[in-house]
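Peer 1: would you be able to build a 3D model of this:
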Amino acid sequence: MSLILCVSAVSAENSTDVGVSDAQDTAQEDVAASTSAPTTTSSATKQVKKIDADVDADDKVVVYKKNSYFKVKVKDDDTSKPLKKFNIKLKIYTKSKSKTYTIKTNSKGIAKFNTKNLKLGDHKVVITSAESSSKFKETAHIFVGKKHTTTLKPGASKKLRNKDVLRVKIKNDDDEKEIKVCFNGKAKKTNVMKAVFYLKNKATGKIVKKVDYSDFDDGKWEYPDKDYSNRYVAIKVRIIYVTI
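Peer 2: Modelled structure (predicted):
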């Protein structure tokens with residue numbers, strides 16, 4: 001049995017606020033600097049070793065005004081070793097407005113950005129190198145919304161205040177049984193973060209819980225085998241979601 005979260009990208013409200021990373025990986029706004037001091041030119045030019053970097057950053061769904069970290073992982077594509085103390089630029093958009101911040105990777109090649117100060121909305125993040133040794137460009141999204149919880153029985157649906165409709169579907173195949181948490185049509189202002197399945201043992205009546213998080217595997221949860229689904233029946237699903 002599996003839970004499939006059918007979630008789509010959402011347009012954001014106008015916002016220019018951005019989060020601030022933790023003490024180890026401090027995010028700083030890029031500010032142009034000028035000086036009147038004279039400059040000198042060296043006769044010898046230092047050669048910078050080029051690095052082919054592999055960048056990994058997943059979309060993030062977070063709760064409004066709560067500490068949460070958007071993470072970027074960078075490693076050397078040739079050696080697969082993490083790139084330590086590597087500077088990365090995040091250009092965070094809300095519609096046409098944006099701000100650029102620089103974050104630095106730790107000893108594991110991971111840089112963090114605290115999303116607490118981001119406003120409600122779907123924020124596009126353009127990730128580029130701040131180092132002359134490497135060039136790359138990746139895109140991700142940070143969806144910031146207010147947290148809500150609802151419980152639905154299999155086959156039930158709920159119309160939210162923002163007019164998105166949540167549904168819990170049951171599907172039975174010869175070799176598979178599924179529970180799907182999804183939307184009627186395309187969700188415009190909602191994202192599901194977590195779902196808790198309540199399953200009852202048909203013989204003993206005992207209730208067991210199975211938890212799934214959308215950021216782990218897109219909300220998919222499967223019964224391990226046919227026998228398990230024959231012994232248990234789904235009675236309800238508690239859904240944790242955020243809206244903008």
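Peer 1: in the helix or strand harbouring residue 102, what's buried?
Peer 2: Residue 102 belongs to strand 97-104 when assigned by DSSP states H and E. Within strand 97-104, the residues scored as buried using 16 or more other CB atoms under 10 Å are 98, 100, 101, 102, 103, 104. Glycine gets a C-beta too; all of them are placed from N, C-alpha and C.
Peer 1: hang on, the fifth one packs against residue 114?
Peer 2: No: using CB atoms under 8 Å, residue 103 is not in contact with residue 114, being 9.8 Å away.
Peer 1: just to revisit the earlier point, whichever helix or strand comes after the strand holding residue 102 - contacts with which helices or strands?
Peer 2: Next helix or strand after strand 97-104 toward the C-terminus (DSSP H and E): strand 110-114. Applying 3 or more CB pairs under 8 Å, 6 or more residues apart in numbering; DSSP states H and E, we find strand 110-114 packed against strand 69-76, strand 97-104.
Peer 1: how about these in TSV, adding mean pLDDT?
Peer 2: Output for those, formatted as TSV (pLDDT from 0 to 100):
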stretch	mean pLDDT
strand 69-76	98
strand 97-104	97
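Peer 1: so who does residue 130 touch?
Peer 2: By CB atoms under 8 Å, 6 or more residues apart in numbering, the contact list for residue 130 reads 87, 88, 89, 102.
Peer 1: distance check, the last one against residue 111.
Peer 2: This means residue 102. Here the criterion is CB to CB, to the nearest Å. By it, residue 102 lies 9 Å from residue 111.
Peer 1: likewise for residue 90?
Peer 2: Taken as CB to CB, the span from residue 90 to residue 111 is 9 Å.
Peer 1: list residues touching both of these two?
Peer 2: With CB under 8 Å, 6+ apart, residue 90 and residue 111 have common neighbours 72, 103.
Peer 1: sorry, back to before: now do the shared contacts for residue 102 and residue 111.
Peer 2: Common contacts of residue 102 and residue 111 (CB under 8 Å, 6+ apart): residue 88.
Peer 1: just want the most central residue of the chain.
Peer 2: residue 60 (1.5 Å; CA atoms, centre = their mean).
Peer 1: show me what contacts that residue?
Peer 2: 68, 70, 115, 140, 141, 142, 143, 215.
Peer 1: please consider this matter closed, and thank you.
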